[in-house]
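**Student:** build me a model:
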Amino acid sequence: MDSMILSSPSTRKPGEPDPAHLLAWYDRHRRRLPWRAEAGQRADPYHVFLSEIMLQQTTVKAVGPYFIDFLQRWPKVSDLAAAPLEAVLSAWAGLGYYARARNLHACAKAVVERHEGAFPADEAALLGLHGIGPYTAAAIAAIAFDLKASPVDGNIERVVSRLYAIDTPLPKGKTEIRQRAAALTPDQRPGDFAQAMMDLGATICTPKSPACVVCPFSPDCRARRAGDPARYPVKAPKAAKPTRTGIAFLAVRADGAVLLRQRPPKGLLGGMTEVPSTPWEAARPSAPALPLAARWQALPGMVTHVFTHFSLELEVWRAEVPLSTPAPAPGQWVQPGAFAEQALPSVMLKVLRHGGCL
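**Tutor:** Residues are numbered from 1 along each chain as shown. As a prediction, the model looks like this:
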C-alpha cells in the first residue's frame, strides 16, 4: 500500500481538507462490496464498469444481487458482448432506467470490437465508448487503473459541496463541485480516494443528520463550521412532474397465457416486453385502439408508476379469450411461468399483478 503522506504544508493551504486523513479513515472503514477489490489489489475494469452502470440512480442494496447474477451469466466482458440483447434486458428487468442495459450491452460489444476485449486504461478512450459518460469514465480510470481522475457521483457531490460550503444551487453548482473535487484528488491512490469519498458520503456525510463528529474532514469542513451542513448541496426548486395516462389491455387466453409484445427498440423502455397499451399521453384516450376483438372490462383501481420525467396512471382492461385466439402481430402468448424469461419492466409487472396474472 502506498504511503499515506499525500500532501504537505507547502502544497496544502491551512484549513484545506487533507486527502491523507480521508485515506487513513478509508483503510479502517472501507465498505466490502461485491464489485470492490480487496485492499491492496487492483480492481477488475469489467467489474467496475458493470457496477458503475448499475449504480446510476440505483442503491447499492438493490444492485448487489443483479451484479452477482450478471457475473454468473457473463463472467467476462466478451461474454456479455456475445449475449443477445433480449437476454440482457431480461436479466436487467426490475432494476429500472432500461437505457442503461442497452448501453451496457453496446459498450461491451465496442470493447470487444475496438479494444480486443480489454477496457482501455485511458480516461479519454473510455469516454469514447458507447454509454460511458464523464463520471463513469473517470470512475473506471481511477478505480480500475489508479489514474488521477475525479468521478463525482451524488455522494461525492454532497461531500464536496459541504467541504467548501458551495452556495450555487444545483445543477449550476456542479461545475464548481467538479473543479473542487479534481483539485482535492491526490496523485497517489486516486482510486482509493474516489471510493473513500463515495463511502464517506454514503455512511457519514449523509443527506440528513450527517455524523460530523466522526468525519475525517470535520476540522476543515466549512459547512460544519457554519453550523448547517445539511443545507448543502443547495438545490434549485424542482418543477412538478406532469402526469400521463393510458390504458393497458390484459388479454388472457383460456389456458392462462397473456398477450405480450415488445416495445420499439428506441425510446422509453426500448426493447422491453409490455402488456399492449395505448400511448401514454396527457389526456385519457376517448376511443382507444384495441389489440384484438374481445369483451373488455375495466378493472377497479389504477396502476401508478413514477418515471424520471413524468408520473403515469394506467387503467387496466381485462378480457378472457378462447384458446384458438391468434396473437396479433407483433404480440405473442406467454404463460405466467415464463414471465421471468421476459424483459418485463416494473410498471408491467404492476399491471400483471393488478390484473391477477402474478
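**Student:** what's near enough to touch the residue nearest the centre of the chain?
**Tutor:** By CA atoms, centre = their mean, the mean C-alpha position of the chain lies nearest to Gln56, the distance being 2.6 Å. Neighbouring residues of Gln56 by CB atoms under 8 Å, 6 or more residues apart in numbering: 97, 100, 136. Any C-beta I mention is one placed from the backbone N, CA and C, and that applies to glycine too.
**Student:** top of these by neighbour count?
**Tutor:** When neighbours are counted by other CB atoms under 10 Å, Thr136 leads the contacts of Gln56 with 23 neighbours.
**Student:** quick one, phi/psi of that residue?
**Tutor:** phi -60, psi -40 (degrees, to the nearest 10).
**Student:** excluding chain neighbours, what is closest to it?
**Tutor:** Counting by CB to CB, 6 or more residues apart in numbering, Thr136 lies nearest to Glu52, which is 5.0 Å off, once chain neighbours are set aside.
**Student:** so who does Val258 touch?
**Tutor:** With CB under 8 Å, 6+ apart, Val258 has these contacts: 250-252, 275, 333-336, 352, 357.
**Student:** mind checking which of the residues you listed land in strands?
**Tutor:** Within these, residues falling in strands by DSSP state E are 250-252, 333-334.
**Student:** reformat those residues as CSV; add pLDDT and distance to Arg224.
**Tutor:** Formatted as CSV, those follow (pLDDT from 0 to 100; distance: CB to CB, whole Å):
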residue, pLDDT, distance to Arg224
Leu250, 97, 54
Ala251, 96, 59
Val252, 97, 59
Trp333, 96, 61
Val334, 95, 55
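**Student:** who's in contact with the closest residue to Leu352 other than its chain neighbours?
**Tutor:** The shortest distance from Leu352 to any non-neighbouring residue, by CB to CB, 6+ apart, is to Leu358 (4.5 Å). Going by CB under 8 Å, 6+ apart, Leu358 touches 336, 339, 349, 352.
**Student:** now, which of these sits nearest Asp27?
**Tutor:** Nearest to Asp27 among the contacts of Leu358, counting by CB to CB, is Leu349 at 42.3 Å.
**Student:** rewinding a little: just the buried ones among the contacts of Leu358, please.
**Tutor:** 339, 349, 352 (16 or more other CB atoms under 10 Å).
**Student:** just send the contacts of Leu358 back as a markdown table, with pLDDT too.
**Tutor:** Output for the contacts of Leu358, formatted as a markdown table (pLDDT from 0 to 100):
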| residue | pLDDT |
| --- | --- |
| Pro336 | 94 |
| Phe339 | 93 |
| Leu349 | 95 |
| Leu352 | 97 |
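**Student:** redo those residues as a markdown table? Include distance to Ala289.
**Tutor:** Below are those laid out as a markdown table (distance: CB to CB, whole Å):
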| residue | distance to Ala289 |
| --- | --- |
| Pro336 | 26 |
| Phe339 | 25 |
| Leu349 | 24 |
| Leu352 | 21 |
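**Student:** between those residues, which is nearest Leu299?
**Tutor:** Leu352 (11.9 Å).
**Student:** quick check: the gap between that closest one and Leu344.
**Tutor:** 8 Å (CB to CB, to the nearest Å).
**Student:** same question for Val234.
**Tutor:** Taken as CB to CB, the span from Val234 to Leu344 is 39 Å.
**Student:** and those two? Which one has more around it.
**Tutor:** Higher neighbour count among Val234 and Leu344: Leu344, with 25 against 14, using other CB under 10 Å.
**Student:** how about that one, what does it touch?
**Tutor:** 93, 260, 272-274, 352.
**Student:** mind checking the SS state of it?
**Tutor:** Of the three states, Leu344 takes coil according to DSSP: H, G, I helix; E, B strand; the rest coil.
**Student:** could you pull out the strands for the protein?
**Tutor:** With DSSP E as the criterion, the chain has strands spanning 243-253, 258-262, 273-274, 297-298, 303-306, 311-321, 332-334.
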